[in-house]
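Visitor: Sequence and predicted structure below; questions after.
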Amino acid sequence: MLSGRTIIGVRFDFAVVVKTITVLVVLFFLGNLPAKALPSYARQTGQPCGTCHTDFAGLTPYGRLFKIQGYTAGGGPYRTTLFPGSDNYKNSYIPPIMVKSAPGPDSITRGEQKTWVPPISMMAILGFTNTQAPLAPPTAPYNANNNVVLSPVSFFWGGAITDHIGAFQQVTYNAPPAGGFGGDPFAPHTWTWDNTDIRYANSARFGPLSVTYGITANNNPTVQDPWNTTPAWAFPYAVSTLGNGFGPGTILDGAFAAHVVSVGAYAFINDSLYLEASVYRTLDPNTQNNLGTDPFGAPGLFDAAPYWRVAYEPHWGNSWLEIGTFGIYAGIRPWTMPGTITTTTFPQTDNYTDVGFDTQYQYQGDNFWLTARGSYIHENQNLNASFANGLASNPTNTLSDARAYASLAYGNNNRVVLTGQYFSTWGSTDALFAGGSPNTKGWIAEIAYIPFISSPAPGWPWFNLRLGLQYIGYTEFNGTTAGASANNTLFLYAWVAM
């Protein structure tokens, strides 16, 4: 019988690893069978994944334009707009540098000649997780270590509704956490509404300026952003649900994802300057709960939080360079009794100001994509409510987050993606508010294989697949370097989209 042993500081249970690899291989070969659902964006545009993605979910310049244009670009074999006579094929603009990936003229037909198919897709991630130290008890429904978990499983409505309105709507199943949900009366949710972005987009010319403009309504600050430098779509794109995370996050880094709604306006000028202004508001606790979101999963409630985004992306030859800034201001009323049935908040507010800076460089070679990214977010916290009510040791705190990323996606088909990232979170020590020091540092190394990135998969556009092996190593965790490596996590996964 095979037994576990330690290799390079990571303890493996060979039997579990072999079983997991077997499942991943079976999933790979199942890709040759027709699936029941279609990847809606591929169906709509007639494009393989590699036109929009260096490695999903990382976007190419065309992928960013597709999003900015409201998810409405056409050209595929099916009509995805609701109304006959729609001709969203006219919106299938592809930058000259991406022309080699463009559909042929025979694939673009008038909308009224196509069969309408609802823009529905799904994805699932099956992963094996090994942590350097076993999970702290209670661990049910999982083992102390070496777990295979199917999570998340998501269903999407994604694509054009009319020629100028499109949507990205996600509903997700998340496996329960280790140890269960505890006594929080709002926590027992496994199904929830997830990332949502509904857009109106159009274009116009003003003298020498070409402008794509639009309106976005979404439920997660930065989910609408077309660059992978902001938190909602930043690397890692897949992560173990049993891992130890990256330390306390700023409110921009997912603190209010699925707890808010917004409306905003944006413009993309001469395919290079992006401007956006949005305003967010938290949903009331009952609405959050009805949508599958635990209200106590966010710091509290607020009435209006302005968000801004400016990005400039000049491009020359096969190169694109982006530099930008983004941020949010929120006056949050903290919960008086989190984890109970009471959803009252203090009348005072904790005022948060987040300011971020980001940059990205991409180069498209004949057989590869090279991408480098950097981001930095600084948060000022004026804790008027928390300090006055004994929930914080300090009246003010700061929190900062920085990430540096590099990736090589090699191969026009059977693509192999090598990625490395350094991450660091640091800020004020506050025993009552943050449980001590937030300082957490480490690195991520990942190798991924995408067999059908730039040419049709078997049964395309029915199926696609990403296989990945990821390792997260920590040099500091919650303010201490001693024992930080006990949080190191190995994650082997299969990401299936259909």
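Guide: Received, thanks.
Visitor: Touching, residue 117 and residue 39? I think so.
Guide: No - the criterion here is C-beta atoms under 8 Å, and residue 117 misses it with residue 39 at 11.4 Å. From N, CA and C alone the C-beta is placed, and that goes for glycine too.
Visitor: which of the two has more neighbours?
Guide: Comparing residue 117 with residue 39 by other C-beta atoms under 10 Å, the one with more neighbours is residue 39, at 26 against 17.
Visitor: pLDDT score for that one?
Guide: Note for residue 39: predicted pLDDT of 71.
Visitor: Might one say that it is in contact with residue 497?
Guide: Yes - the criterion here is C-beta under 8 Å, and residue 39 meets it with residue 497 at 5.7 Å.
Visitor: shared neighbours of the two, which are they?
Guide: 121, 463-464 (C-beta atoms under 8 Å, 6 or more residues apart in numbering).
Visitor: Spatially nearest residue to the spatially most central residue of the chain (excluding sequence neighbours)?
Guide: Computing the C-alpha centroid of the chain and ranking residues by C-alpha atoms, centre = their mean puts residue 233 first, at 3.3 Å. Distance criterion C-beta to C-beta, 6 or more residues apart in numbering; nearest residue to residue 233, sequence neighbours excluded, is residue 57 at 5.7 Å.
Visitor: Would you mind listing the residues in contact with that neighbour?
Guide: 228, 233, 237.
Visitor: Format those as JSON lines; extra columns: secondary structure, distance to residue 393 and pLDDT.
Guide: Compiled in JSON lines, those are given as follows (DSSP: H, G, I helix; E, B strand; the rest coil; distance: C-beta to C-beta, whole Å; pLDDT from 0 to 100):
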{"residue": "228", "secondary structure": "coil", "distance to residue 393": "36", "pLDDT": "97"}
{"residue": "233", "secondary structure": "helix", "distance to residue 393": "34", "pLDDT": "96"}
{"residue": "237", "secondary structure": "coil", "distance to residue 393": "36", "pLDDT": "95"}
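Visitor: mind checking the SS state of residue 67?
Guide: helix (DSSP: H, G, I helix; E, B strand; the rest coil).
Visitor: I figured it was touching residue 53, is that so?
Guide: No - look at residue 67 against residue 53 with C-beta under 8 Å: they stay out of range, at 11.5 Å.
Visitor: list residues touching both of those two?
Guide: By C-beta under 8 Å, 6+ apart, the residues touching both residue 67 and residue 53 are residue 59.
Visitor: Now stretch 138-147 - C-alpha only, CSV.
Guide: The C-alpha coordinates for stretch 138-147 follow below in CSV (Å, rounded to 0.1, in the frame of the first residue of the first chain):
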residue,chain,number,x,y,z
PRO,A,138,-13.0,21.2,13.2
THR,A,139,-12.4,20.1,9.6
ALA,A,140,-15.7,18.4,8.7
PRO,A,141,-16.8,17.7,6.0
TYR,A,142,-13.2,17.4,4.9
ASN,A,143,-10.1,15.5,5.9
ALA,A,144,-7.3,17.2,7.9
ASN,A,145,-5.3,17.3,4.6
ASN,A,146,-5.2,16.1,1.0
ASN,A,147,-8.8,17.0,0.0
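Visitor: would you list every one of the strands in the stretch 251-400 of the chain?
Guide: 260-269, 273-282, 300-301, 305-312, 315-316, 319-334, 350-364, 368-383, 396-410 (DSSP state E, counting those that start in this stretch).
Visitor: So which of those is nearest residue 166?
Guide: Smallest distance to residue 166 across the strands of the stretch 251-400 of the chain (C-beta to C-beta): 13.9 Å, for strand 260-269.
Visitor: So which bits of that closest one are buried?
Guide: 260-262, 264, 266-268 (16 or more other C-beta atoms under 10 Å).
Visitor: Which parts of the stretch 1-150 of the chain are helices?
Guide: Applying DSSP state H, counting those that start in this stretch to the stretch 1-150 of the chain gives helices spanning 14-30, 40-45, 49-52, 61-68.
Visitor: how about the CA coordinates for the third one, as CSV?
Guide: Once side chains and other backbone atoms are set aside, the C-alpha atoms of helix 49-52 remain, and they are given as CSV (Å, rounded to 0.1, in the frame of the first residue of the first chain):
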residue,chain,number,x,y,z
CYS,A,49,-10.7,31.3,-26.6
GLY,A,50,-7.2,32.5,-27.6
THR,A,51,-8.6,35.5,-29.4
CYS,A,52,-9.9,37.0,-26.1
